[in-house]
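Participant: how would this look folded up:
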Amino acid sequence: MAHFPGIAAALAAVSCATAFAQAWPAAQRLAEATLARHPEAAHVVLHVTPPGAADSENLVIGSTMGHLGKKADEDDLRIMHEARTETVVARSGDRFNVSLPLIDAQGKVIGVVAIGFPYKAGDDKAPLVADAERIRDELRHEGLDARVLFAVAP
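Facilitator: Coordinates of the predicted model:
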């Protein structure tokens, strides 16, 4: 593989993502089930802080678009600490991303949920933000709990 470093890196990334999905299957199943229930969304990503850990240990443990294992960046931490929603049109221009504080069943911010929607220039963004808030609130009312999401697979 020395002659193909890009392939080696890609295989390592796939192996890492697979390991994360297998390590915390509840979080991955939740991301996939949420997207399946909401065909209006293009992706769902769950950034969660492990129970008892510092927020700096927050990472992606459930995702329908990859990035499993990615540690929280400054934007993720700001969304968590300030408990506010941030939005951005993707560089490609065809996706509108909404990142919101992820709130557990007890009302504690445990991370960030990032939800992307198909988008084209001129689309009204307000209904997309409202859809993302509704999806996030559904997660909370389903009994969201970081301990369950981080339960290690047998």
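Participant: would you list every one of the helices in this protein?
Facilitator: In the chain, the segments counted as helices under DSSP state H are 5-23, 25-37, 74-82, 126-141, 146-149.
Participant: so which elements touch the second one?
Facilitator: What that stands for is helix 25-37. Helix 25-37 is packed against strand 43-48, strand 59-63, helix 126-141, helix 146-149, with contacts defined by 3 or more Cβ pairs under 8 Å, 6 or more residues apart in numbering; DSSP states H and E. To be clear about C-beta, it is placed using only N, CA and C from the backbone, and glycine gets the same treatment.
Participant: mind checking how far the residue most central in space within the chain is from Ala53?
Facilitator: Geometric centre of the chain, nearest residue: Val45, 1.8 Å, by Cα atoms, centre = their mean. Applying Cβ to Cβ, to the nearest Å, the value for Val45 to Ala53 is 19 Å.
Participant: can you pull the contacts of Gln106?
Facilitator: Residues near Gln106 by Cβ atoms under 8 Å, 6 or more residues apart in numbering: none.
Participant: contact partners for the nearest residue to Glu142 once chain neighbours are set aside?
Facilitator: Of all residues not flanking Glu142 in the chain, Ala105 sits nearest, at 8.0 Å (Cβ to Cβ, 6 or more residues apart in numbering). Counting by Cβ under 8 Å, 6+ apart, Ala105 touches Arg140, His141, Glu142, Gly143, Leu144, Asp145.
Participant: for Lys120, see how far away the second one is.
Facilitator: For His141, the distance to Lys120 (Cβ to Cβ) stands at 31 Å.
Participant: same thing with Met65?
Facilitator: From Met65 to Lys120 the distance is 19 Å (Cβ to Cβ).
Participant: same deal with Ala36?
Facilitator: Separation of Ala36 from Lys120 (Cβ to Cβ): 24 Å.
Participant: low-confidence ranges, the chain, go.
Facilitator: Across the chain, the ranges flagged by pLDDT under 70 are 1-24, 152-154.
Participant: 80 instead, please
Facilitator: For the chain, the stretches flagged by pLDDT under 80 are 1-24, 151-154.
Participant: what about Ile115, how many neighbours?
Facilitator: For Ile115, the neighbour count with other Cβ atoms under 10 Å is 27.
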